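> For reference, the sequence and a predicted model appear below.
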Amino acid sequence: MENAALSAKLGNNDAVLGATLLLAIESSCDDTSAAVLRGDRVLSNIVAGQEVHRQYGGVVPELASRAHQQHIVPVVHQALEMAGIRKEELDAIAFTVGPGLLGSLLVGASFAKSLALGLDIPLIAVDHMRAHILAHFIKGEQAPPIFPFLCLTVSGGHTQIVKVDSPSMMTVLGRTIDDAAGEAFDKAAKVLGLGYPGGPTIDRLAKQGDPHHFQFATPKAGGMDYSFSGVKTSFLYLIQKLEREAPGFVPANLPDICASYQRHLVTYLLSVLEQAIAETGVKAIALAGGVSANSELRRRFTELAERSGCTSHVPPLEYCTDNAAMIGIAAQFKLAAGDLAGQHTVPMARLKMG
Ligand code: KG4
Ligand code: ZN
């Protein structure tokens, strides 16, 4: 449908963001998710994880796309049912266009395209990283950040600091030059035999440990970039050394190891953000991405905001990890701006923001 026809159908932009009934689909990695939004309100947000990867200690792309194929129909069905609507009532459909695993993205994109074609309604392609940031604008108990704000996005695949001037104007100030923060958690957990994803387990064990017991290398990527490969290697060497010197020491001291490592990663993440606050003079900071579920990061992020005279914005846990509600809110902004996709739109594994 052309933009003019869309406007005629849906009225002016305010009305679009206010009441449009939209189905959003997220399938960029290992969670199949569908959400229904009316404007900025989430009516349902269903997330189906994929247990199949646990035994491999990480996401296996081929298995992920196959699991998406199995999950997508029941997940969408459940999202519509929970929202109490029929698919014929939908005004638009959104999907994640990238970045992510290509096979996984294709499942969500193909499903969304077919449904939009069948219902003859607009299609919106959403950048997963922008959606993590725009999750702050989902209607909730907390007020959304005022523009401009700085967003630290920390997930299993990405780590970046973004200056957000508007829903569409975002500038990446710094990003990781190697691993993502989530990988630093997950790979350490794998070394410790804690399973995948390891971030939540490290977070839980760290609560009983001494965060000052062990030291790790502090990386320096330059500017506002990050690097996690050196920290990860220093972690591996320390664990190997401890086990060599005293077999059984590591499993007996997991809380101290996890607490020290978590503290180290959080200190590093926030030190670069603090530098970004100083260099930009921006007075609002936000967290996004799966790692923002980390309890120590949330606590110390709020402390940093208070120390720096910034307002702090931390999303509810359900909107931190991958979910379709964030794709939905990002889509509502795009729809309001008349920024539509079409049947020709193809997913991109390496979509780069900005
Ligand atoms: O955003 P997300 O759900 O998926 C990606 O787009 O990558 O992030 C997943 C990442 C995983 O690396 C997971 O270990 C990490 O978020 N994570 C955590 C916690 N909860 C999830 N890391 C540290 N502490 C947590 N509580
Ligand atoms: Zn994500």
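That came through fine. Numbers count the residues shown, from 1 in each chain. Ligands and ions are numbered 1, 2, ... in the order given.
> can you give me the strands in the stretch 251-354 of the chain?
Ranges of strands in the stretch 251-354 of the chain, per DSSP state E, counting those that start in this stretch, are 284-288, 311-313.
> Identify whichever of those strands lies nearest to L102.
strand 284-288 (23.1 Å; C-beta to C-beta). C-beta coordinates here come from the backbone N, C-alpha and C atoms, glycine included.
> Contacts (any at all) between ligand 2 and the closest one?
No: if you take C-beta under 5 Å from the ion as the test, strand 284-288 misses ligand 2, and the best it gets is 8.5 Å.
> Report the buried residues of that strand.
Neighbour counts over strand 284-288 (16 or more other C-beta atoms under 10 Å) mark A284, I285, A286, L287, A288 as buried.
> Out of the residues you listed, which is nearest to V47?
For the buried residues of strand 284-288, the residue nearest V47 by C-beta to C-beta is A288; the value is 16.3 Å.
> ok, back up a step: redo the buried residues of strand 284-288 as a markdown table? Include pLDDT and distance to I146.
Below are the buried residues of strand 284-288 laid out as a markdown table (pLDDT from 0 to 100; distance: C-beta to C-beta, whole Å):
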| residue | pLDDT | distance to I146 |
| --- | --- | --- |
| A284 | 98 | 6 |
| I285 | 98 | 12 |
| A286 | 98 | 11 |
| L287 | 97 | 16 |
| A288 | 95 | 16 |
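> List the contacts of the spatially most central residue of the chain.
Centroid-nearest residue in the chain, with C-alpha atoms, centre = their mean: G289, separated by 3.1 Å. Going by C-beta atoms under 8 Å, 6 or more residues apart in numbering, G289 touches H132, T153, V154, S155, H158, T159, G182, C320.
> My guess is the first one contacts V291. True?
No: counting by C-beta atoms under 8 Å, H132 stays clear of V291, with 10.7 Å between them.
> okay, and the common contacts of the two?
S155.
> Could you identify the most distant pair in the buried residues of strand 284-288?
A284 and A288 (13.2 Å).
> that older thread, any chance of the strands of the stretch 251-354 of the chain in TSV with distance to G193 as columns?
Compiled in TSV, the strands of the stretch 251-354 of the chain are given as follows (distance: least, C-beta to C-beta, whole Å):
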stretch	distance to G193
strand 284-288	29
strand 311-313	35
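> Can I get stretch 33-42 as PDB, trimmed to CA atoms?
The C-alpha coordinates for stretch 33-42 follow below in PDB (Å, rounded to 0.1, in the frame of the first residue of the first chain):
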ATOM      1  CA  SER A  33       8.600 -13.700  19.600                       C
ATOM      2  CA  ALA A  34       5.300 -12.000  18.600                       C
ATOM      3  CA  ALA A  35       3.600  -9.000  20.100                       C
ATOM      4  CA  VAL A  36       0.500  -7.000  19.500                       C
ATOM      5  CA  LEU A  37       0.500  -3.300  20.200                       C
ATOM      6  CA  ARG A  38      -2.100  -0.600  20.100                       C
ATOM      7  CA  GLY A  39      -0.100   2.500  19.700                       C
ATOM      8  CA  ASP A  40       2.500   2.400  22.400                       C
ATOM      9  CA  ARG A  41       0.600   0.000  24.500                       C
ATOM     10  CA  VAL A  42       1.600  -3.700  24.600                       C
END
